[in-house]
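Enquirer: here is the input, now give the coordinates:
(one chain, ligands or ions: 1)
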Amino acid sequence: LNPNVTAADAAEKQKVWEADRDHFMHPWTDFSTFKETGSMVFTAADGVSIVDADGKRYLDGIGGLWCVNIGYGRKEIAEAVADQICAIPYFSTFGHHTTPPAAKLAAKLADLAPGDLNHVFYGCGGSVANDTAVRLIHFYFNQLGKPTKKQIISRIDGYHGSTYMAMSITGVKFDHVGFDIDQQLVHHISCPNPYRRDPKLSEEEFCRQKVDELEQKILEIGPDKVAAFFAEPILGAGGVIVPPKGYHQATLEVCRKYDVLYVSDEVVTAFGRLGHMFASQDEFGIVPDIITCAKGLTSGYLPLGATIFSDRIYEVISKPQADGAIFTHGFTYSGHPVSCAAALKNIEILEREGVCDHVKDVGTYFEQRIRELGELELVGDVRGRKFMMCLENVADKRTKALLDPRAKVGNRIADACQKRGLIVRPLAHMNILSPTLILTREHVDFIAETLRESILEVTETLREEGFL
Ligand code: PMP
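Expert: As a prediction, the model looks like this:
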């Protein structure tokens, strides 16, 4: 406990804790346990760390939620935001109105994005960026005179958001339990997870199988009905799954063959996480038709998302339409000037500080140190790239059998890390790491060693309790 925490601080913390428990319905939360345990309250953050209401400091191993790329406490962002609020905090961008940050950011994104992706539609986050992509694609094919082309294909374990459409495109099975999804429009194909592949297949054969599956699905639905394929470069919330080599290029080729638009969901991977501003081209060699992004766009300092799309789409949707239609889509906060000012300053910092080069260097070291944990008995697979990594914990490394879910191994490891001053994310039986991108090698060593100690401790208790 921090000796500077006074009785008044403790009373305030209690008030916040109770207000939160009783009234704040948290996203993605199991309320059967939440009602008893409530929340940890965080009150401060700087650099790579966050601080709780008792003054205890933690290294943030999850970058807020894969988003605080430039780290916490950047006064420059606060100043850019304050200046923009004083200049003009908000004005509608519907029709022919704009503000300097919204215009400049669109030009900057067009410059950074690959190929002819020169047009930007703004929303407030990743889900909305994906919903916008769907509306854009539907409008595009309608105006092109191909109104039957509406169906969307995505992958099991892909994550694309929480709005109704984005949730339907999401393929994480658990996220659909208790809900209905839009089965009229969305079709899922299997996840290209090399760890869970049939051991008889080489990685190349496995890749071919997954690409063929996409082609088969297009043929089964009918190429005249399929509008788009949605894919994250690395499946994030589905367990940091890196598809086999060549997968993205080959799936893009299939899409081209059938005039299916390729949407690369870079909500996590853009703005430095893999050492590039955008990973589609620089890491995976593809120029998609649409890139959706959010999170690292402002490093989480303010909400903002963007759907960046090609000249080819823009030409079709921007011409006078026979039916008089215009793209009737947009949000009060599309192009919010304060969020755009934060994004511009964030991108300036990423560029000025060479964060992508830093990620190529220290992120590679991070990957190597986390991979070393693969020698532990509990760790079946270590996967990911740079500052996007996942540990898949198993009961038996040879058979890859999972532990009894009641063991709650992901939570146990996260708790053991937290005790030692490190936040990692539990995801079922896995643990995910997506720290800020400004870690030093010393921070990386701390994370690797803390995880090792925590996993060893958890292995012992699991054995004692008969789970191993
Ligand atoms: N796409 C991906 C790949 C994501 O990881 C997320 C969020 N984790 C989203 C979309 C949805 O973004 P948001 O939560 O900002 O709506």
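Enquirer: and the stretch 1-150 of the chain, which residues reach the ligand?
Expert: Contacts of the stretch 1-150 of the chain with the ligand, taken as Cβ under 6 Å from any ligand atom, map to G125, G126, S127, N130. For the C-beta atoms, the positions are set from N, CA and C on the backbone; glycine is no exception.
Enquirer: how does this structure divide into domains?
Expert: Split into domains by automatic domain parsing, the chain comes to 40-70+355-464, 76-352.
Enquirer: please name every helix or strand in contact with the helix or strand harbouring A110.
Expert: Here A110 sits within helix 100-112, counting by DSSP states H and E. For helix 100-112, the packing partners by 3 or more Cβ pairs under 8 Å, 6 or more residues apart in numbering; DSSP states H and E come out as strand 117-123, strand 305-310, helix 337-352.
Enquirer: angle of it against helix 337-352?
Expert: Per axes from the mean of the first three to the mean of the last three Cα atoms, to 10 degrees, the angle that helix 100-112 makes with helix 337-352 is 40 degrees.
Enquirer: in helix 100-112, what's buried?
Expert: P101, A102, L105, A106, K108, L109, L112 (16 or more other Cβ atoms under 10 Å).
Enquirer: do stretch 274-285 as well
Expert: Buried residues in stretch 274-285, counted by 16+ other Cβ under 10 Å: L274, G275, H276, M277, F278, A279, S280, Q281, E283, F284.
Enquirer: could those go into a markdown table alongside pLDDT?
Expert: Putting the buried residues of stretch 274-285 into a markdown table (pLDDT from 0 to 100) gives the following:
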| residue | pLDDT |
| --- | --- |
| L274 | 98 |
| G275 | 98 |
| H276 | 98 |
| M277 | 98 |
| F278 | 98 |
| A279 | 98 |
| S280 | 98 |
| Q281 | 98 |
| E283 | 98 |
| F284 | 98 |
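Enquirer: residue ranges with poor pLDDT in the stretch 51-200 of the chain?
Expert: Along the stretch 51-200 of the chain, no part satisfies pLDDT under 70.
Enquirer: in it, what residue is nearest the ligand?
Expert: Going by Cβ to the nearest ligand atom, the ligand is nearest to G126 of the stretch 51-200 of the chain, at 2.3 Å.
Enquirer: would you map the strands across the stretch 151-300 of the chain?
Expert: Using DSSP state E, counting those that start in this stretch, the strands of the stretch 151-300 of the chain run over 151-155, 186-189, 226-231, 261-265, 290-293.
Enquirer: on that earlier part again, could I get the residues of the stretch 1-150 of the chain next to the ligand as TSV with neighbour count and secondary structure?
Expert: Shown next, in TSV, are these (neighbours: other Cβ atoms under 10 Å; DSSP: H, G, I helix; E, B strand; the rest coil):
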residue	neighbour count	secondary structure
G125	18	coil
G126	27	helix
S127	24	helix
N130	29	helix
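Enquirer: just checking, the residue of the stretch 51-200 of the chain closest to the ligand touches G161?
Expert: Yes: G126 lies in contact with G161 (Cβ atoms under 8 Å); the separation is 5.4 Å.
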